[in-house]
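Chemist: Quick one, what's the 3D model for this:
(chains A and B)
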Amino acid sequence: MSLIEATAITKTFGRLRALDGFSVSMAAGRSFSLIGPNGSGKTTLIKCLLGTVIPDSGTLTLDGRSLLGDPALRARIGYMPQIGRYPDNMRVGQLFDMLQEIRRGTSARRDEELKDAFEIGKIAHKPMRTLSGGTRQRVSACVAFLFDPDVLVLDEPTAGLDPVSVEILKEKVKAEQRKGKLILLTSHILSDLDEITTDVIFIMEGRLRFSRPIDELRAESGEDKLGKLVARLMRDPGAISP
Amino acid sequence: MIPRIVKYVLHDILRSRIAIGYTLFLFVAATGLFNIGGDVNKGLVSILSVVLMLVPLMSLVFATIHFYNSYEFIELLSSQPLRRTTILLGEYVGVAAALGMGFLVGVGLPIVLYDRSATGLHIVGVGLLLTFVFVAIAFLGAVCTRDKARGMGVALLLWFFFAIIFDCLVLYVLFRFQDYPLEKATIGMVALNPIDLARIIVLLRMDASALMGQTGAIMQEFLGSALGIGYSVGVLLLWIAVPLALALRVFRKKDL
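Modeler: Here you go, the predicted structure:
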């Protein structure tokens, strides 16, 4: 039973067709790596899921309900951006207060495990502008997991994080996936993702090339490392049957 | 939901150096102008000139910069269970309130200290209205322009148009067609420039016909002071509502 279902999504920016009839279905309890060359439509797809980009045509559903035009449904999606930027003078603690206030009156669960692991409490009084890039990424990660969402969208989650934080984050992602969450990841540092990926979605020129379990791909291609496999795919997209 | 966002936007801006600098500058300028002339009325006229130039400029530039700097934050908010309308209105009210508070302290406080006349309060009133108008116009410009540099260009151009070019155009039209009865057309033309409307409100109140210029004099002649002020305030409110409504329309469908 798929949790997220995208059907024939098309999005053009001027002459550029970022997504061209893209369809995919993603099941709960699995962790998808979204992979494709630069400019293949990965970010556009993620933004459509989050509601920051509105597709020209096609449908996008979460649990059978359309994600286009119902902001309340976004409460079930947690998002960690590639570069988190926040108001300069806002303190770390205030960011979490604000997000909390936005959900006030809803039955949002809370998950502060990552916040504790990253020791966010210690920097709660610091203004956002004083944080280093890596610390900011840790804050972004905590924001994504904060309300125990059913879907986690992590865009380049390991970029800029130190090795200890990467391990903490990976453990958290694995744990959430085992709990039945749907994870959608993108990353350029592919070796980082190997162990937390169960499925690979390969996108090229705005179209789905394939969406398959990683074990199958490994067996079929004889490549053990996801990185090598992907490099091969990008050079020769026909190497793996869709 | 909107106040919850306003609170944090406001909190962020009130701590920014630019907002504090703006407040201090207005305060020093207003206090200085009251002290130089010795005559409180002269001071008020000078303050009015400063307000009419500086408030639109600051509102346009600050709101535009703020919008572009908040882009990723707005993106984050839009990935939360929030309507786009809520996000933009939250940002608008936050910026407008912050600049309005800066103006109240910077100009309102000296006026209360030195003057306390009805004219002074009118200046405070139009200053606030101009702030709300030009923040709305800045938001409309910013949601329509993706590129920050171009957005800034649009903001400066708008200021240049409303503060300088528009008056030249009106003068040109009045001069060119002076043989025709243009009174009603003039009242219509004034409605197209919020800065003119603000100036006329105060000058009608002061009854300073020498300073009113052609448009103000016509307004007084045809509408009388009270009706003229009512008309101008009404049109200024439209100048807040219309750009804001257009900005919301664009923003609801915008790809972030």
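Chemist: For chain B, which segments count as helices?
Modeler: B:2-14, B:17-37, B:40-69, B:71-78, B:84-103, B:109-114, B:118-144, B:148-160, B:166-176, B:183-190, B:194-206, B:209-252 (DSSP state H).
Chemist: Disregarding residues adjacent in the polypeptide, which is nearest to B:Ile74?
Modeler: Once flanking residues are discounted, B:Ile74 sits nearest to B:Ile87: 6.1 Å by CB to CB, 6 or more residues apart in numbering or on different chains. Quick note: C-beta positions are derived from backbone N, CA and C, even for glycine.
Chemist: got the residues of chain A near chain B?
Modeler: Within chain A, the residues that sit near chain B (CB under 8 Å from any CB of the partner chain) are A:13, A:47, A:50-54, A:71-75, A:77, A:79, A:81, A:83-90, A:94, A:98-99, A:101-104, A:106, A:143.
Chemist: Those in strands, which ones?
Modeler: A:Phe13, A:Ile77, A:Tyr79 (DSSP state E).
Chemist: Contact partners for the residue nearest to B:Ile74?
Modeler: Residues counted as contacts of B:Ile87 (CB atoms under 8 Å, 6 or more residues apart in numbering or on different chains) are B:Ile5, B:Ile74, B:Leu77, B:Ser78, B:Phe251.
Chemist: Equivalent analysis for A:Leu45, please.
Modeler: So A:Leu45 contacts A:Ala6, A:Ile9, A:Leu19, A:Phe22, A:Leu34, A:Ile203 (CB under 8 Å, 6+ apart).
Chemist: which of the residues of chain A next to chain B count as buried?
Modeler: Neighbour counting by 16 or more other CB atoms under 10 Å in any protein chain shown classes A:47, A:50-54, A:71, A:73-75, A:77, A:79, A:81, A:84-90, A:94, A:98-99, A:102-103, A:143 among the residues of chain A next to chain B as buried.
Chemist: In contact with residue 205, which residues?
Modeler: You didn't pick a chain, so chain A it is. A:Glu205 sits in contact with A:Arg17, A:Asp20, A:Ser40, A:Gly41, where contact means CB under 8 Å, 6+ apart.
Chemist: try again with chain B
Modeler: Counting by CB under 8 Å, 6+ apart, B:Arg205 has contacts B:Ala118, B:Thr119, B:His122, B:Ser225, B:Ile229.
Chemist: try 10 Å this time
Modeler: B:117-123, B:125-126, B:225-226, B:228-229 (CB atoms under 10 Å, 6 or more residues apart in numbering or on different chains).
Chemist: Put the buried members of those residues into a ChimeraX selection.
Modeler: A single ChimeraX command selects the buried members of the contacts of B:Arg205 (16+ other CB under 10 Å):
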select /B:119,120,122,123,125,126,228,229
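Chemist: Confidence-wise, which helix or strand of chain A is lowest on average?
Modeler: helix A:190-193 (a mean of 68; mean pLDDT, DSSP states H and E).
Chemist: Quick check: phi and psi on the nearest residue in space to A:Gly93 that is not next to it in sequence?
Modeler: What sits nearest to A:Gly93 in space, not counting adjacent residues and going by CB to CB, 6+ apart, is A:Ala124, at 3.5 Å. Dihedral pair for A:Ala124: phi -60, psi -30, per degrees, to the nearest 10.
Chemist: need the contact list for A:Ala124.
Modeler: Residues A:Arg91, A:Val92, A:Gly93, A:Gln94, A:Leu95, A:Phe96, A:Asp97, A:Lys115 are the ones in contact with A:Ala124 under the rule CB under 10 Å, 6+ apart.
Chemist: and with 8 Å instead?
Modeler: A:Ala124 neighbours (CB under 8 Å, 6+ apart): A:Arg91, A:Val92, A:Gly93, A:Phe96.
Chemist: Kindly reformat the residues you listed as a markdown table containing pLDDT, neighbour count and distance to A:Ser221.
Modeler: Below are these laid out as a markdown table (pLDDT from 0 to 100; neighbours: other CB atoms under 10 Å in any protein chain shown; distance: CB to CB, whole Å):
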| residue | pLDDT | neighbour count | distance to A:Ser221 |
| --- | --- | --- | --- |
| A:Arg91 | 88 | 20 | 49 |
| A:Val92 | 90 | 24 | 44 |
| A:Gly93 | 89 | 14 | 48 |
| A:Phe96 | 89 | 19 | 43 |
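Chemist: Which of these fall in helices?
Modeler: A:Val92, A:Gly93, A:Phe96.
Chemist: Of those, just say which sits nearest to B:Asp167.
Modeler: Closest to B:Asp167 out of the ones in helices among the contacts of A:Ala124 is A:Val92 (48.5 Å), distances taken as CB to CB.
Chemist: First-to-last residue distance for stretch A:106-113?
Modeler: Its first and final residues considered, stretch A:106-113 spans 21 Å by CA to CA, to the nearest Å.
Chemist: how much distance is there from that stretch to the middle of the chain?
Modeler: Its chain's average C-alpha position is 19 Å from that of stretch A:106-113, according to CA atoms, centre = their mean, to the nearest Å.
Chemist: how about it: buried residues?
Modeler: For stretch A:106-113, a neighbour-count test (16+ other CB under 10 Å) marks A:Ala108, A:Asp111 as buried.
Chemist: try stretch B:54-73
Modeler: Quick answer for stretch B:54-73 (16+ other CB under 10 Å): B:54-70, B:72-73.
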